[in-house]
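> Sequence isn't available, so here's the structure alone:
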């Protein structure tokens, strides 16, 4: 299933290993068609970046 989001939604990336922690952030911009990636995300630690989410990620609607 294709990922879809809008600005204001939350992106959750689950840790894939015991040492990789879950990451959460707010989607600031959606650059793909119809809500598809890539997304500009502000992570909870304050960093921002463009993200192409993998299969370990999901969107929580705002």
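On my side now, so go ahead. Only a predicted model underlies this, so the values are computations on that prediction, with no experimental measurement involved.
> residue ranges with poor pLDDT in this protein?
1 (pLDDT under 70).
> quick one, longest strand in the protein?
strand 23-30 (DSSP state E).
> which parts of the following helix or strand past that strand are buried?
Of the helices and strands lying after strand 23-30 in sequence (DSSP states H and E), the nearest is strand 39-43. Across strand 39-43, burial judged by 16 or more other Cβ atoms under 10 Å covers 39-41. Quick note: C-beta positions are derived from backbone N, CA and C, even for glycine.
> Which strands border the helix or strand following strand 39-43, and is each parallel or antiparallel?
Remark: after strand 39-43, the chain's next helix or strand is strand 48-51, criterion DSSP H and E. Sheet pairing of strand 48-51 (DSSP bridges) gives strand 39-43 (antiparallel).
> Report the secondary structure state of the residue nearest in space to the middle of the chain.
Closest to where the C-alpha atoms of the chain average out (Cα atoms, centre = their mean) is residue 11, at 3.1 Å. Using DSSP: H, G, I helix; E, B strand; the rest coil, the structure places residue 11 in strand.
> what's across from it in the sheet?
Beta-bridge partners, per DSSP bridges, of residue 11: residue 25, residue 59.
> Tell me who's in contact with it.
5, 24-27, 39, 41, 51, 53, 57-59 (Cβ atoms under 8 Å, 6 or more residues apart in numbering).
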